[in-house]
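**Q** Test case, fold it:
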Amino acid sequence: MRQTRRTRSAARAIPRRAGTRLRLPLAVVGATAALVTAVATPGAAAQPAPPPGRTLSVTASAPLPALRQESHVVGRDNGQSAGYQGRSVWIFDDTMLRDPEGFLSNSGAVTADLDARDGIDLTSTTPFSTADTGAPTELMPLTRAERDFTDAHAQPCATGDDYCGTVFGFWPGPVVADPARHRIIFSYGKLCRGAPDGTPCASGFVGTALGTGFAQLDMRTHKVSRITVEHPDPAVTHAGPEGVDPALMFAPGKEFASGSMVLRDGVIYAYGRCDTTVNSCALAKVPAARIQDRLAWRYYTGSTPDGSPVWSTDPDAAVPVGAGNGPAGSTVQYVPALHGYLDTYMSLFDNVGRYQTAPTPWGPWTEAKPMFTGLPTDQLWDYAMFAHPEYARRGGLTQFFSYYRPQDGSQQLVRVDFDLAKQS
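**A** Presented below is the predicted three-dimensional model:
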């Protein structure tokens, strides 16, 4: 791959062995650090045919001006958001900076600009205040154990130090607003990288996955914190080289909420254990108030003949539902005008944004159809397309999407207009 200014910036900002890529080849890594391989999910019975009713058809799509970001930002990918009290809160993954050059594995911003028809101004430094300006900083703070570990293994290192140059990274995933508890929730994948080749935290392609957890933005205190897991799985919480991490919920490759999350009637539906070669994930649910309790999670295992969902306490029993995951994740949202759910994502390699609908989070999902094609690129491919429901109009029939363009580091915006149509 030809090295770009963005990748050169990353190489200078993190240890040399940590590699120089943004989070690009997501057919391999997944949305929240399913970093190395797609994990097969248990087989499921064929999805039943969609019931008669209403679905969506695209009537128009149009590119908009690219997201207007803070001037220090060279490029940052992912870019998922949620609306909260008249503002739009955005959380990004790998972030390249200029003047001075820098590299962050995550960052955030907030805007009061909720009219996307002429583009979106997103120039704040933090996800809490539009008054915060200047170069973005890393959103997720290191724990004391992580700081001590990286300091102990900072270069120059003792001979034979297998963790020499190790750094931790955090890739945020889907974002939901939980106004009942005055917070924004997002999933994240934790990884270590930067160590010598052949050692436990070698960068390899992008790093070594350690697990997935959840973090929250307290919108009253403006604090960012990882959510400590109740009833944790010791095999997961002891996975990090720095010692116990009480905030890791899922093991690498077994995570939920890596594909998409949607909060409806107090319940979070989390798509995960995704097959990154197709748009299909398994599905779990948990009360938003109990997201931290591993024993409160339930996993979709299929439906009864009358269409009622069946849920299990066993995550290994979860089956694919045919939605919830593009190569970088997807956006599942409830659309009031449809009285149902819309799943949108960008396909791998072809730059095409696609959509499908369902009456419930578990389906049955319609066949995916194209909405628009991203800008031509001669550098990898466009990816990480997400909807931003807080910008939607006409009861969700007008949607606004962003996607990341590696060629110039921009977040491109697109408007798509739908109309209701009878299912054939």
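
**Q** And for Gly243, the neighbour number?
**A** 12 (other Cβ atoms under 10 Å). Bear in mind the C-beta positions are built from the backbone N, C-alpha and C, glycine included.

**Q** correct me, but it touches Thr143?
**A** No - Gly243 is beyond contact range of Thr143, at 9.5 Å (criterion: Cβ atoms under 8 Å).

**Q** low pLDDT regions in the stretch 1-150 of the chain?
**A** Residues of the stretch 1-150 of the chain that meet the criterion pLDDT under 70 lie in 1-53.

**Q** mind running it again at 80?
**A** Residue ranges of the stretch 1-150 of the chain with pLDDT under 80: 1-54, 132-133.

**Q** show me where it has strands.
**A** 54-64, 68-69, 73-84, 87-97, 102-104, 107-111, 121-122 (DSSP state E, counting those that start in this stretch).

**Q** Show the pLDDT at Gln423.
**A** If you check Gln423, the pLDDT there is 60.

**Q** before we move on, what about Asn325?
**A** For Asn325, the model assigns a pLDDT of 77.

**Q** neighbours of it, just the number please.
**A** Neighbour number of Asn325 under other Cβ under 10 Å is 31.

**Q** out of everything not next to it in sequence, what's closest to Met371?
**A** Leaving out its chain neighbours, the residue that sits closest to Met371 by Cβ to Cβ, 6 or more residues apart in numbering is Gly353, at 4.5 Å.

**Q** between the helix or strand harbouring that neighbour and strand 54-64, how many degrees?
**A** Using DSSP states H and E, Gly353 sits within strand 352-358. Between strand 352-358 and strand 54-64, the angle comes out at 150 degrees (axes from the mean of the first three to the mean of the last three Cα atoms, to 10 degrees).

**Q** and strand 352-358, what does it pack onto?
**A** Judged by 3 or more Cβ pairs under 8 Å, 6 or more residues apart in numbering; DSSP states H and E, the packing partners of strand 352-358 are strand 54-64, strand 340-346, strand 369-373.

**Q** What residues sit buried inside the first one?
**A** Of the residues in strand 54-64, those buried under the neighbour-count criterion (16 or more other Cβ atoms under 10 Å) are Thr55, Leu56, Val58, Ser61, Leu64.

**Q** Just the helices from the stretch 151-300 of the chain, written as ranges.
**A** Assigned helices in the stretch 151-300 of the chain, in chain order: 234-237 (criterion: DSSP state H, counting those that start in this stretch).

**Q** re earlier: now the helices and strands packed on strand 352-358 as TSV including distance to Thr130?
**A** As requested, these are exported to TSV (distance: least, Cβ to Cβ, whole Å):
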stretch	distance to Thr130
strand 54-64	20
strand 340-346	27
strand 369-373	29
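
**Q** To Arg181, which of these lies closest?
**A** strand 340-346 (23.2 Å; Cβ to Cβ).

**Q** what about Ile91, how many neighbours?
**A** For Ile91, using other Cβ under 10 Å, the count is 26.

**Q** actually Trp297, sorry about that
**A** Trp297, neighbours per other Cβ under 10 Å, totals 21.

**Q** Could you find the closest non-adjacent residue to it?
**A** Using Cβ to Cβ, 6+ apart, the nearest residue to Trp297 is Val286, at 4.7 Å.

**Q** which residues does Val352 bridge with?
**A** For Val352, the beta-bridge partners are Thr373 (DSSP bridges).
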